[in-house]
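Undergrad: output the structure for:
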Amino acid sequence: MSYHLAIDIGASSGRHILGSVQEGRLVLEEVYRFENGPVKKNGFLAWDLEALTEEVIAGLCRCRKLGKLPATVAIDTWGVDYVLLDREGRELLPAYAYRDAASASAVAKVEALIPPRRLYARTGIQKQPFNTIYQLWRDKESGRLKDAACFLMLPEYLAWRLTGLMGCEYTDATTTGLLSAASRDWDYELLDLLGYDRALFKKLRMPSELLGPFSREIEKRAGFSARVLLCPTHDTASAVAAIPLEGDTMYISSGTWSLAGLELSAPVTTDAAFRGNYTNEGSVDGRFRFLKNIMGMWPIQSIRRETGKKYSYDQLAAMAEQSGFSGTFPADSPELSAPESMCEAIRGLLGRPELSLADMVSSVYHSLARSYSRTADELEELTGQKINAIQIVGGGGAAQYLNRLTARESGRRVLAGLSEATAAGNILSQLRYENPALSWTDCRELVRRSFPIREV
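TA: As a prediction, the model looks like this:
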């Protein structure tokens, strides 16, 4: 049997998931899981690159111990974040995490060179203070860019650690805010305007392309050799690639973030889309994910950590359902990005300092459901496309209470399932490398046959 390994790393945890096709169905098997999160380094939030690399290798070793050796491997992560390498291939540290607030000061300086509306017309990417375009300005001001010889998004950096080879994949690169939506390539005029050296940015590669085999060092440590491919390396792009969407359906890839949108053949960069802060990120087959970034399960994850992980997610959801509290706050409130105390931040937004844990969690679910419903309404207005159903995938799709609230709030059919959508899309891209005749339509039909998707 032929195995393919998806290394799917989110901002709170990572998973190694083996995929194989058995009797015409895609079968997924989680073989390794690890905790992840930014750490404080010299006052900044940053990623521990060595710890991440070691976890990636540990998952490979687990495959060897199980006797299930993948022929191919691909890595996906969240977007925006990157690593700079100097001319000797050494990391220029720290590798900042997007939740670090320091890059926010760069926004006004970039906007002094190119107004936000003009930038949006070129890139189609929504304004977020942590976008790569602003993080790089901070590196420019600090002098780090002068010492940099190469720019790699985080999944490509980890792939480089496995192979010694460099590549830059299209879907993740679109999250930088440095690509032209029209050409689907780096916006070199924009790079020049900002003073970012063109030589830093590698030629873009498309999903399902080969990067190369394990290096000798990794082959020795893992105990086997495999080919490393470039999947849609932005995790949401992998997730959406796997969804068997109907024409009238909005997707929500629900995890730490909730990414809610439509898959379109062309970007939408109208004034209304700009005012709504919608983004046009790369998808497979040269398409676009026209979507809104919503805070997602991050507040719930933070509340659980803050309360010492005393309760499971299911227990928190049960408490919320029993509370009866339906107060809401804007789900995209910047106060929720990286607060010292998520509980206090939510109480502050609601003006309820005495709010109980159950009521607090309930308010998060009600706020998310309202945001999902509003997003569906806005997408209809922005695209002229009728949305009759909302399909929720990813880990957050298991939040049944939230799903029911979404159906009630939106008045639309809500479908849930495919909790490992990102891993599925990652592995589908590997299957397409093995069999180039396999289209993404074929891949999505394989998903439809393989995983139950239920209506709430």
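Undergrad: okay, CA-based contacts and neighbour counts for the rest of this
TA: Fine.
Undergrad: quick check, K202 in contact with L165.
TA: No - checked against CA atoms under 8 Å, the pair K202 and L165 is beyond contact range at 11.5 Å.
Undergrad: how many residues are close by the residue nearest to A272 when sequence neighbours are not counted?
TA: Take A272 and drop its neighbours on the chain: the residue closest to it by CA to CA, 6 or more residues apart in numbering is L382, 6.9 Å away. Using other CA atoms under 10 Å, the number of residues around L382 comes to 17.
Undergrad: name the element L382 belongs to?
TA: Assigned by DSSP states H and E, L382 belongs to helix 357-383.
Undergrad: next, the buried residues of stretch 48-55.
TA: Within stretch 48-55, the residues scored as buried using 16 or more other CA atoms under 10 Å are 48-49, 52, 55.
Undergrad: stretch 166-184 too?
TA: 166-181, 184.
Undergrad: I'd guessed N403 sits against V414; true?
TA: Yes - distance between N403 and V414: 6.9 Å, which falls inside the contact criterion (CA under 8 Å).
Undergrad: mutual contacts of those two, please.
TA: Taking CA atoms under 8 Å, 6 or more residues apart in numbering as the criterion, N403 and V414 both touch V456.
Undergrad: show me where the stretch 51-200 of the chain has helices.
TA: 106-113, 116-123, 132-142, 144-147, 154-163, 170-173, 188-194 (DSSP state H, counting those that start in this stretch).
Undergrad: how is the protein divided into domains?
TA: For the chain, automatic domain parsing gives the domain ranges 3-233, 244-417.
Undergrad: who's in contact with the helix or strand hosting Y32?
TA: Here Y32 sits within strand 25-35, counting by DSSP H and E. For strand 25-35, the external contacting residues (CA under 8 Å, 6+ apart) are 12-21, 55, 59, 62-63, 424, 446-447, 449-450.
Undergrad: which of these count as buried?
TA: By 16+ other CA under 10 Å, these give 14-21, 55, 59, 62-63, 424, 446-447, 450 as buried.
Undergrad: ok, back up a step: just the buried residues of the helix holding L382, please?
TA: 357-373, 375-376, 378-380, 382.
Undergrad: mind listing the strands for the stretch 201-350 of the chain?
TA: 204-205, 209-213, 227-230, 249-254, 258-264, 279-282, 288-294 (DSSP state E, counting those that start in this stretch).
Undergrad: strands along the stretch 351-456 of the chain, start to end?
TA: Using DSSP E, counting those that start in this stretch, strands in the stretch 351-456 of the chain cover 389-393, 413-417, 453-455.
Undergrad: list the neighbouring strands of the first one plus their orientation.
TA: Applying DSSP bridges, strand 389-393 is found paired with strand 249-254 (parallel), strand 413-417 (parallel).
Undergrad: for it, list the C-alpha coordinates in PDB.
TA: Written as PDB, here are the backbone C-alpha positions of strand 389-393 (Å, rounded to 0.1, in the frame of the first residue of the first chain):
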ATOM      1  CA  ALA A 389     -25.900  26.700   2.500                       C
ATOM      2  CA  ILE A 390     -22.800  27.000   4.800                       C
ATOM      3  CA  GLN A 391     -20.400  24.100   4.800                       C
ATOM      4  CA  ILE A 392     -18.100  24.000   7.900                       C
ATOM      5  CA  VAL A 393     -14.900  21.900   7.800                       C
END
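Undergrad: tell me the mean pLDDT over it?
TA: Averaging pLDDT along strand 389-393 gives 96.
Undergrad: now the angle between strand 258-264 and it, please.
TA: 120 degrees (axes from the mean of the first three to the mean of the last three CA atoms, to 10 degrees).
Undergrad: off-centre distance for strand 389-393?
TA: 17 Å (CA atoms, centre = their mean, to the nearest Å).
Undergrad: on that earlier part again, now render the strands of the stretch 201-350 of the chain as JSON lines, adding distance to G348.
TA: As requested, those are exported to JSON lines (distance: least, CA to CA, whole Å):
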{"stretch": "strand 204-205", "distance to G348": "44"}
{"stretch": "strand 209-213", "distance to G348": "48"}
{"stretch": "strand 227-230", "distance to G348": "43"}
{"stretch": "strand 249-254", "distance to G348": "25"}
{"stretch": "strand 258-264", "distance to G348": "22"}
{"stretch": "strand 279-282", "distance to G348": "29"}
{"stretch": "strand 288-294", "distance to G348": "19"}
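Undergrad: so which of the ones you listed is the most surrounded?
TA: Comparing these by mean neighbour count (mean count of other CA atoms under 10 Å), strand 279-282 comes out on top with a mean of 28.
Undergrad: walk me through which strands that one pairs with, and which way each runs.
TA: When DSSP bridges is applied, strand 279-282 pairs with strand 288-294 (antiparallel).
Undergrad: contacts for the strand it pairs with next, please.
TA: 237, 257-268, 277-283, 331-332, 368, 371, 375.
Undergrad: how far does it sit from its chain's centre?
TA: 11 Å.
Undergrad: run the angle between that strand and helix 357-383 for me.
TA: 150 degrees.
Undergrad: centre of this structure to the edge, which residue is at the far end?
TA: Computed with CA atoms, centre = their mean, the residue of the chain farthest from its C-alpha average is E354, at 34.2 Å.
Undergrad: what are the phi and psi angles of that one?
TA: phi -100, psi 10 (degrees, to the nearest 10).
Undergrad: now for P330: which residues touch it?
TA: By CA under 8 Å, 6+ apart, the contact set of P330 is 367, 371.
Undergrad: what's the spacing between it and G261?
TA: 18 Å (CA to CA, to the nearest Å).
Undergrad: go on, L204?
TA: Looking at L204 against G261, where the rule is CA to CA, the gap reads 24 Å.
Undergrad: report the contact partners of the most centrally placed residue in the chain.
TA: Centroid-nearest residue in the chain: W78, 3.5 Å away (criterion: CA atoms, centre = their mean). Taking CA under 8 Å, 6+ apart, we find W78 in contact with 9-11, 234-236.
Undergrad: what's the lowest-pLDDT member of the residues you listed?
TA: A11 (86).
Undergrad: ok, now how distant is it from E156?
TA: In terms of CA to CA, A11 sits 16 Å off from E156.
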